[in-house]
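Undergrad: Kindly generate the corresponding structure for this input.
(2 chains)
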2 protein chains.
Amino acid sequence: MALNAGPQEVLESKTDVLIIGAGPAGLMAAWWMARCDINVRIIDKRGTKVINGHADGLRARTEEILDSMGHGLQEKVTREGYIFESLKTWIPDEKGGIFRNSVDKLMQDHINDLPSPFLNVTITQGRIERFLVDAIGELSHWKLDVERGVTADSLVYDPNLESDHGAYPITVTLRTLSDDEANPKPANGAFGGRDVLAKSNLPPDEWNHGDGRRQKSGTLEVLKARYLIGSDGAHSWLRDQLDYRTEGSRTDSIWGVMDIVPITDFPDIRYPCFIKGTQGTLMLVPRERNMTRVYVPFSEQSSGDRFNRASITLEQIVSKAKKFFAPYKLDFTVCEWWSVYQVSQRVAERSQHPGNRIFLTGDAVHMHSPKVGLGMNTSIQDGFNLGWKVALAVAGIVRDENALLATYEGERLPVAQKLVAFDRTLFIDNGNLDPKEFQKRHTEFREFSDGRKLMYAQSILVSKQTSTQSVATGLIVGESFKHARVLGHANSQLYWTTKLFESDSRFRIVLMAGDVSVPHQMERVKRFCERLEAENEDESGRKTSLLYTRYRYPFTVSSDTQDVCSPILQHPAISYLHQRCLTSMVSLLAIHSTVDASESISPFEFPAALRGPFDPSYHGWDFSRIFVDAPVHYDRYCDGRAYTSIWGEAARSFFLPDRKLTLDYGALNFLFCLISHYSLNGVLKSNNL
Amino acid sequence: MALNAGPQEVLESKTDVLIIGAGPAGLMAAWWMARCDINVRIIDKRGTKVINGHADGLRARTEEILDSMGHGLQEKVTREGYIFESLKTWIPDEKGGIFRNSVDKLMQDHINDLPSPFLNVTITQGRIERFLVDAIGELSHWKLDVERGVTADSLVYDPNLESDHGAYPITVTLRTLSDDEANPKPANGAFGGRDVLAKSNLPPDEWNHGDGRRQKSGTLEVLKARYLIGSDGAHSWLRDQLDYRTEGSRTDSIWGVMDIVPITDFPDIRYPCFIKGTQGTLMLVPRERNMTRVYVPFSEQSSGDRFNRASITLEQIVSKAKKFFAPYKLDFTVCEWWSVYQVSQRVAERSQHPGNRIFLTGDAVHMHSPKVGLGMNTSIQDGFNLGWKVALAVAGIVRDENALLATYEGERLPVAQKLVAFDRTLFIDNGNLDPKEFQKRHTEFREFSDGRKLMYAQSILVSKQTSTQSVATGLIVGESFKHARVLGHANSQLYWTTKLFESDSRFRIVLMAGDVSVPHQMERVKRFCERLEAENEDESGRKTSLLYTRYRYPFTVSSDTQDVCSPILQHPAISYLHQRCLTSMVSLLAIHSTVDASESISPFEFPAALRGPFDPSYHGWDFSRIFVDAPVHYDRYCDGRAYTSIWGEAARSFFLPDRKLTLDYGALNFLFCLISHYSLNGVLKSNNL
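TA: Okay, here's the model as predicted:
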C-alpha cells in the first residue's frame, strides 16, 4: 500500500515488538518472536547484512543454544567453522628472529570429558547472521525479514501507559534512508563495501535475498510498539535516547585488524598465535576458507608514534605486521576486510528501562576488546535471554510481567560487567601482557567465559533456596544444564541433550530417574508423575493438572503457518512435521540409568505422564520422552557416564527437583530450556483458557 | 525462444549427455556433470520429484560417498535420518498373542571399531532427491534443473559415429507431456498424488522450486547426444529400446506397504521389527518424522486367497496388519503413502551398450525385494560410478574411452547380479524364512551389502597384480578405502578421511608416511615426492612432472560459474571460496603417524610436493594436505588407531603404493577418490595442453 508514499506522507502503524539493529543480538530476539508467532518488526540502518569481517568467535556454550533452536543451525556452524583449540606463542630470539616458545592446549584439562558437545570455532559474523535470517525465514514462512536501510529518528515514551499490558507506550518514527545513506562508502578506502558484493563474490545462499527495503527513500513511519529492543551496537541510538551513560573508558590501545588469505612461510599460520615483538604482541586467528585474522598493535606508547586512528592505512598495518613476522614473509592478495579500532572498555549503566518496556542488548551494553572472543557470544546470549521473556509477556500468560522482564537486566547486566572486567585484566599495558600471564588470567576466567559460571542471581526464575544441591551436585541452580549424549529408551536414537531442551518457549521438568529396574525407584517415578497429572483446584477453583491443563501453550497458529501444529488443517495423507501439538507450557522428560532397559522394560511400564497425553486422533503415544544414560557400542560419546561424571552420582537414586521439595502447587521447581535452571514458581498465569 | 512453440514445430538441439530419469541414480550422474561443468540434460516423465514413499534406507557406505561430495549432503542426512541399529523379532505365544523373542544388534561385532564414520539410517527417497537437486543447483548456479513432465519417444543410434569421439551418434525425440500425463491419478485411490502436495503439506525447502517444465504440452524436440544414460526405473523405456532382456523371475510374493504415523500400544513400534504370524512375517521399519513403514505379506499360498495385485486396497492391508499386531492395537490417521508390489528378482542382461555410448543404471538394471535395503544404495553407487567416467570421457582427457567406460558394466553389473542373488537367498518361501535364518544369511552377505566387499575385477582402473597386499593389509585393491578420523598436521582441524577424498574427479595419491620423526622414514617420503615432482620426457617428448603438469585438470570454468576456481575474475577483496585452482588431475596427500608432530616437525620439513605448488599471486602454500593418525584428547573418534586397527600396522613403515612398485611412468598406482582403489595406469592422456 505504501510503495508510492511521497516524502510528505507519513505512515502510521503498530507492532507488539520493535527491534532496532539486526546484528546477532537483534536477530536472536527476532528469532524468538518468529518462533512464538509474535507480531514484530526489525529494522537496521545499513543496507545489507554483515558479509565479512567483524566478530568471528563462537564458544561451545553459544553453539549449545544454537543447537537447541533447530533449523540445522549448529550443523551449519560445525560444517563451516574452524576449530580453535590451541594457542602458540612466538617470541624474539637473540639473532633478530622469532621462535615458537610455547603451545597452550586450551582444552588440555578436559581429557575425554569435554564440558560441551561442541568445540569453540571461528566463523565470520556474516555467516551467523545468514543462518539466523534463514531460520527466521523458515519459521515465518519467509514473511518476517529485516527491513534494511531504515533508521529510527525519534522516540516518545508515555509512562502513563506502561502499566497497561495491552497498551502501546512507545512511539518511534522510522525513516527510510537513501541508498547512499544506507550504504556509505567504507572509511579509509577499506575493502568490504557494497561495491565488492557482486554475485560472483558471494556464496549462493547469500544471493536470493532482497535487502528488505520496502519504502521509498525519505518515507516516514510513525510506529507504535508495546516493547522496544535496542540491538544497535556500540554507538547505540536507543541508549542515547534513554540517556544512559556508559561506564569505563577508552584505552589508548589501538589495533589494526585485517582478514587476509596469507601467502607466507610462517609454519604456524593456520594456528592461533601470539607473536611477541618489541612493539607489542600481534595475534593471529585462523578462520574458515583459508582466511587468517591478524591483529596488529598500534598503541602510542609502544610505537613512540603520534597518530590518530583515522589516519592509519592498510599499508601501515601490513608494514607493521611484516616486522613481527620477520624473518618469515607475510603477503596476501585477498584482504576481505580491514579496520582500525581503539579499545573501549565500557558497560552501560543500565540495560533496561525501569518500566520494563525498553531494553538494550549486545554491544549497546558492553564494549571491550574483541580479543577475548566473547562479544558476539554475549550478544547472542543477551538476545536469547531477552527474547523468550518478551514473547511470554506479549502472549499475556505471565503472572507478573515486570518481575519476569526485570530478570533480563538482573541476569545479563552483571555478565556484561564481568565481561568488561575480564577484558580489563587481560588488556592492560596496551595488550603487552606476557602471554603466559595472559593465559593464566584466561584460565581464571574460563568458567565464566565458557558460559558455565554465570551466577544468575535469585529471582522469580532462579530459586536457589529450594535446593541444597545435595543430589545432582553437577547441576547448579542458576547455571546452565551440563549436556551429555543419551539414548532414546523406546526408539534407539541418539541425542545430545541440547536437542531435548528444544527452544520452544516451554518449561521442562527433567526427571532424573536413576535405576528404574529397582522396583522401589520405579515406584517413586510413578508417585512423582501422579502428582504432576493429578487434577487439583487452582486459585480460581478450576480443576487442572499441573502437567497438562494448568499452563496452556498460548502461541496460536495462523492458517498458513501451520508448522507449529495444526494437523487438522493439513491433508491427512501428508504432513511434513507430524509434530505433536504443544498444548501445555510444561513438558516432562526422564533420563534413567538402567542399561539394556529397552529390552527389559517396556515403555508402558513407565507412568503415562512420560508418554502422554494420548492423542487418539493423530499421534497416539509419544515414545520420545524417556532417555537412558547407558553405553552404546556404536557411539563413543554415548558412554553411560553422565550420572557419574557430569550430573552427580547421587542423582542416580534421587530426582531433580530434589526429594526435599514438596510437590505443592507453586513450590515445584522447573528447569527451563537452556540458559539456566529456571523455576516456574509463580511465573505463569494458571489455566488461561 | 521456444516457449510458444506449437505442437507441429519441432525443436532441434544437442547435448553432450542426456539422462533419462531423475531418481537417485540419474541425479547422481547429473551431479557429476554439474561438478565437471559438462553439458547435460536430465528429463523425467513425472511432473514432480518423489515426495514420499518409495525407497528409504541409506547404508553407511553410501553416506561416505555423499560426504565426499560436499554441499552438507551428509550433514543433512544425519540430521533428518533415523538410526537403524537393531532388529527385534516377535513370535506367537501359546495364548494367541505375540511376544518379543529376540533382539539382534546389527552392529554388535563392531565394538568401538565401526567400519564407517556413519550409521545406517532410514530416510525417504524424496529427501535424498531434494538434497541432490539442491546440490546440482548450487554447482550449476541454479542453471541445471530436471526437466519434468518430459518423456523420450524414440531412440535412433548411428553405430558409424560411435568411434568418433566428438560425434553425436544418439538421437532421441523428447515430448513434453500434458499435466494429466505427467501427474496421473494414483492407482487404487492411493494417497501421495499431486493433489496432496499443497504448500502447507511440504517443508519450506520443497516450495520454491519450479517443476522445471519449459515447453508447451506436446512440444517435440529432436535431441542429439554423445552419451545417453537411462535411469528410468524397473520398467525402463531405454532398456526396451536396447532390447535387453531381464533375467530372473517374478515371485509369487506380494506385499502391501504403507508409511503411517502409527497410533498403537505396541511397545517396539519405534524399532525395526519382524512380527511372525500364521500368514507370514510382517516387517516394521521406523522412519524420520514419527513415521513407520509397514510391510504386510500377501502371498497367495500362505493366505489361501486368490487375488490379483491391483485389487488390494489399503483397508485390506490395514486389516491384515492388525491381525499380526493382535492383541496390540494398530491405528493411524496419517498414511503418507501406500502401495502393493509383487517381488521380482531380475537383473538386466547388460547395463551398457557395446559401443560405450549408452548406459543403464539403478532399477533399470536390478529389480528385487525392497527389504534388503539396498536398492537405492546400489542405484546411487551406480550413478556415482558411471558419472565421473562419462565426465572424463566427454572432457577428452582419457587415453582409451572404451576401456574406461567398459569398467562401468564390468564393475557394477556383477554387483547387481550379486544383489539379486542375495535377495533370492533371503526371500525364498514367500518371505517366511525363519528370522534367525534370515539374520544368518544377512550376516553372510554383510560385507557385500555394506559395500565393503564389491570385488571389482582387474581392469584399466583396478590393478591387482602390482601389489601383494603385504603392507597396507587393511586396504584391499579393488575395494573402498577404509575411513578414519585424522588430524590436520599444520592446522589442527579434524577430518573424516571421507572429506579428504573429495569427489572432484581428480585421482589421489595417498602417501602412508608412517613415523616421520624417524630420519630414514622422512628420507623415503622425500625420495618418493622427488620422483613425483621430477620432470621427465613423456612419449611426445615434452618434459612434464607427473604430479603437476602431466595430467592437466581439464574442466574449464565459464565466466559466471567461478566457484571451481577463477580468482582473477573475482574482486580481489572478497572471494567466498578462496579455493586453490585445480590444475592437475593428480592430487597428493600424506597421512603419517607421528604423535605431537605439529609441535616437533614444521610443515616445511616435509617435501614441497606436500604443500605445493606454491601460488605466489593468491594462495601461497597449501597447509591442508598433511594429516596425522594421532590421538586427540578433545575428539573421541580421532584416536590414533587407524594404522593399527584399520589400514594395517605394516603400513606404518612403508608406503602405499607399496615399495615393490617402480615409479616409472605408467607403472605408478593411484588411489581414486571413493568407490575403489583405482589405478591411473594408462587412464589419462598425458600433457593434454
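Undergrad: how many other residues sit next to residue A:106?
TA: 18 (other Cβ atoms under 10 Å in any protein chain shown). Yep, even glycine has a C-beta here, placed from its N, CA and C like the rest.
Undergrad: scratch that, residue A:539
TA: 9.
Undergrad: The one 10 residues further on too?
TA: Look at residue A:549: counted by other Cβ under 10 Å, it has 20 neighbours.
Undergrad: What is the burial count for the nearest residue in space to residue A:242 that is not next to it in sequence?
TA: Closest residue to residue A:242 apart from its sequence neighbours, by Cβ to Cβ, 6 or more residues apart in numbering or on different chains: residue A:353 at 6.0 Å. Other residues within reach of residue A:353 by the criterion other Cβ under 10 Å amount to 21.
Undergrad: where's residue A:353 relative to chain B, distance?
TA: 37 Å (Cβ to the nearest Cβ, to the nearest Å).
Undergrad: who's in contact with that residue?
TA: A:157, A:242, A:359 (Cβ atoms under 8 Å, 6 or more residues apart in numbering or on different chains).
Undergrad: Show me what from the stretch 1-150 of chain A comes close to chain B.
TA: Within the stretch 1-150 of chain A, the positions lying close to chain B (Cβ under 8 Å from any Cβ of the partner chain) are A:51-52, A:72, A:75-76, A:78-79, A:82-83, A:85-86, A:100, A:103, A:105, A:107-108, A:110-112, A:114, A:119, A:137-138, A:141-142.
Undergrad: Just the ones of those residues in strands?
TA: A:82, A:83, A:86, A:100, A:103, A:105 (DSSP state E).
Undergrad: what's the nearest residue to residue A:403 if we skip its chain neighbours?
TA: Using Cβ to Cβ, 6+ apart, the closest residue to residue A:403 is residue A:460 (4.5 Å).
Undergrad: Just say helix, strand or coil for the one you found.
TA: coil (DSSP: H, G, I helix; E, B strand; the rest coil).
Undergrad: any idea how far residue A:356 is from it?
TA: Distance of residue A:460 to residue A:356, computed by Cβ to Cβ, to the nearest Å: 12 Å.
Undergrad: Residue A:141 too?
TA: Counting by Cβ to Cβ - residue A:141 and residue A:356 are separated by 31 Å.
Undergrad: Show me which of those two is the more surrounded one.
TA: Counted by other Cβ under 10 Å, residue A:141 and residue A:356 do not tie: residue A:356 has more neighbours, with 21 against 17.
Undergrad: Skipping adjacent residues, who's closest to the more buried one in space?
TA: That would be residue A:405: by Cβ to Cβ, 6+ apart, it lies 4.1 Å from residue A:356.
Undergrad: List the buried residues for the helix or strand hosting that neighbour?
TA: Taking DSSP states H and E as the definition, residue A:405 sits inside helix A:401-426. Across helix A:401-426, burial judged by 16 or more other Cβ atoms under 10 Å in any protein chain shown covers A:401, A:403-413, A:415-423, A:426.
Undergrad: for stretch A:521-540, same thing?
TA: Neighbour count says stretch A:521-540 has A:521, A:522, A:524, A:525, A:526, A:528, A:529, A:531, A:532, A:533, A:538 buried, by 16+ other Cβ under 10 Å.
Undergrad: just those: which has the poorest pLDDT?
TA: Minimum pLDDT for these is recorded at residue A:538 (72).
Undergrad: Tell me how far that residue lies from residue A:206.
TA: 51 Å.
Undergrad: Equivalent analysis for residue A:70, please.
TA: Taken as Cβ to Cβ, the span from residue A:70 to residue A:206 is 22 Å.
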